[in-house]
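Colleague: quick one, what's the 3D model for this:
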Amino acid sequence: MSAASQLLKQHLQQRQMLGKTHVALRPGTMDRLTGVVREPVVRAAPEPEPSRSLAAAPAPASAPVVRILSEAPLPETKKTELLEVAGETVEEKLAALRAMAETWEPALSMSSLRKTMVFAVGSPLASLMFVGEAPGAEEEKLREPFVGPAGQKLTAIIKAMGLERRKVYISNICKFRPAMDNQGSGNRKPTAEEMRACVPFVLTEIDLIKPLVIVALGATAAEGLGIPGTVGGLRGKFHSTGGIPTMVTYHPSYLLREEQTGDGIRAKRAVWEDMLKVMEKLGLPISAKQRGYFQTK
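Modeller: Numbering: from 1, shown residues only. So this is what the prediction gives:
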């Protein structure tokens, strides 16, 4: 071990004895101290494996240590830090990341966000990841993303693709429900500041899971991933999130609203065309019946 690495280890041990769970470092500091040269990770498409619950994933024995892994630009921000946490497996690292989110001061210190953290759900081995904007009332109650009416619609979309909800990964840009006066069951989109407070977590989830395709559900989710614009202008083609193909499509809540106006088939077909492109990108089988879903007569 180099002298610099030994000093760093002693410093972190001292911080841990003082009750500190993580430290913030300037970009590049860790690499300069350790002499690590990072190379891009290339992953082949995984073979289907049984889903493993995040809630049941074991937390690492030691407190998570945070360091900067890399930098990713976000709209109207300078740089966003990716976090790395202790653990040997992806499940352990996600469990540690979840524990870190529970006490994440940048979010908890904001009076505009409620205090119940809603992390993510699904398989750490997923090839497909869905990203929404923020939890709502039902999500906050059950502490799981996309479990309300919009979540039921998303589950139906996943099923129509020939997949299971437990075998994909579902997360949100914002890990806390945005607060409102006289809130009740009302929800609102997170502000740019609220997203900036939470987005390091979803970016780190992406880095850990390394999905083959990401689906951004709505313009807010796309913005949080660094893809600004309207859904109408962004959908139908792949964008990139750290080199991962990303499809932007309408949020399931938009489909629910369009159903109430009588224009639901048109909206469903638009989303389904986006999902067909995702299925093709993943190499999933597509039947003639699937290709014909939600066609107008």
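Colleague: contacts only, for the closest residue to Gly218 other than its chain neighbours.
Modeller: Distance criterion Cβ to Cβ, 6 or more residues apart in numbering; nearest residue to Gly218, sequence neighbours excluded, is His251 at 3.4 Å. All C-beta atoms are positioned from the backbone trio N, CA, C, and that covers glycine. Contacts here follow Cβ atoms under 8 Å, 6 or more residues apart in numbering; on that basis His251 touches Gly132, Glu133, Ala150, Leu217, Gly218, Ala221, Val231.
Colleague: for the residues you listed, which two are the farthest from each other?
Modeller: Maximum pairwise distance in the contacts of His251, criterion Cβ to Cβ, is 14.6 Å, between Ala150 and Val231.
Colleague: tell me the secondary structure for Leu256?
Modeller: Here Leu256 is helix, with the state taken from DSSP: H, G, I helix; E, B strand; the rest coil.
Colleague: the one 10 residues further on too?
Modeller: The local conformation at Arg266, judged by three-state DSSP, is helix.
Colleague: so how many other residues sit close to it?
Modeller: 11 (other Cβ atoms under 10 Å).
Colleague: same question for the one 10 residues further on.
Modeller: The local packing count at Leu276 equals 16, with neighbours defined by other Cβ under 10 Å.
Colleague: wait, is it part of a helix?
Modeller: Yes - membership of Leu276 in a helix is supported by three-state DSSP.
Colleague: from Met247, how far out is it?
Modeller: Distance from Leu276 to Met247, counting by Cβ to Cβ, to the nearest Å: 10 Å.
Colleague: could I get the contacts of His251 as JSON lines with secondary structure, distance to Ala192 and neighbour count?
Modeller: Listed next are these as JSON lines, based on DSSP: H, G, I helix; E, B strand; the rest coil; distance: Cβ to Cβ, whole Å; neighbours: other Cβ atoms under 10 Å:
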{"residue": "Gly132", "secondary structure": "strand", "distance to Ala192": "16", "neighbour count": "28"}
{"residue": "Glu133", "secondary structure": "coil", "distance to Ala192": "12", "neighbour count": "27"}
{"residue": "Ala150", "secondary structure": "helix", "distance to Ala192": "22", "neighbour count": "23"}
{"residue": "Leu217", "secondary structure": "strand", "distance to Ala192": "18", "neighbour count": "28"}
{"residue": "Gly218", "secondary structure": "coil", "distance to Ala192": "15", "neighbour count": "22"}
{"residue": "Ala221", "secondary structure": "helix", "distance to Ala192": "13", "neighbour count": "29"}
{"residue": "Val231", "secondary structure": "helix", "distance to Ala192": "17", "neighbour count": "22"}
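Colleague: nearest to Ser185, of those residues?
Modeller: Distances from Ser185 to these, taken by Cβ to Cβ, are shortest for Ala150, at 12.8 Å.
Colleague: thought that closest one was touching Glu259?
Modeller: No - Ala150 is beyond contact range of Glu259, at 11.8 Å (criterion: Cβ atoms under 8 Å).
Colleague: now the helices for the stretch 101-250 of the chain?
Modeller: Applying DSSP state H, counting those that start in this stretch to the stretch 101-250 of the chain gives helices spanning 105-108, 137-142, 149-160, 192-209, 219-224, 231-234.
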